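*Asks:* kindly return the folded structure for what I paste below:
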Amino acid sequence: MHDIIVSPRLTIPAGELAISFSRSGGPGGQNVNKVSSKVDLRWNPRTSSVLSETDRIWLLERLASRLTIDGTLIVTSQASRDQIANRDDAASKLALIVRAALDRPKLRKPTKVSRGAKRRRVADKRHHSEIKRNRRGDRD
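*Replies:* Numbering: from 1, shown residues only. From the prediction side, this is the model:
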């Protein structure tokens, strides 16, 4: 297994990854019964040395529903009949999940309504009121 590049500032070293293979389900005939092509890729963000403490806390909060009790993230791939293709697919899935979880939303800067916008709104209200007043007619 090789290192997984998640982003320019984060690379998960191969030493922190655990990979296992098992028989895949689905179509494939007799080949399914003898080839272990399904890939389980495991990584534990709690014990990872590449995460800063703030990133670790953020990541654990965002991935809480996907982590096991001991904090391991398990990514599975059985899309292909080829073990190597599934291993690459699992690695790219892991990178995508971690990249998405580390993405922090931009803080919204509250803005004021401009003076011109206020003027236009009031002028619009006056104009609408004038139209309704003209519809009324005399009540004599």
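*Asks:* off-centre distance for the longest helix that the chain contains?
*Replies:* Ranked by residue count and defined by DSSP state H, the top helix of the chain is helix 115-136. Mean C-alpha position of helix 115-136 versus that of the full chain (C-alpha atoms, centre = their mean, to the nearest Å) differs by 46 Å.
*Asks:* the nearest residue to Arg87 once chain neighbours are set aside and Asp3, how far apart?
*Replies:* Spatial nearest neighbour of Arg87, excluding adjacent residues (C-beta to C-beta, 6 or more residues apart in numbering): Val39 at 5.0 Å. C-betas here are computed from N, CA, C, even on glycine. Computed as C-beta to C-beta, to the nearest Å, the Val39 to Asp3 distance reads 17 Å.
*Asks:* quote the end-to-end distance of stretch 75-86.
*Replies:* 11 Å (C-alpha to C-alpha, to the nearest Å).
*Asks:* start the count at 42, not 1, going forward
*Replies:* Got it, the first residue is 42 from now on, which makes the last one we talked about stretch 116-127.
*Asks:* pull the residues that contact the helix or strand hosting Ile125.
*Replies:* For Ile125, the element it lies in under DSSP states H and E is helix 124-143. Identification of contacts with helix 124-143 by C-beta atoms under 8 Å, 6 or more residues apart in numbering yields 42-43, 45-48, 51, 53, 60, 62, 65, 76-82, 84, 86, 96, 99-100, 103-104, 107, 114, 116-121.
*Asks:* list the residues that contact Leu58.
*Replies:* 42, 45, 82-84.
*Asks:* which residues of this protein score low on pLDDT?
*Replies:* For the chain, the stretches flagged by pLDDT under 70 are 67-70, 72-73, 179-181.
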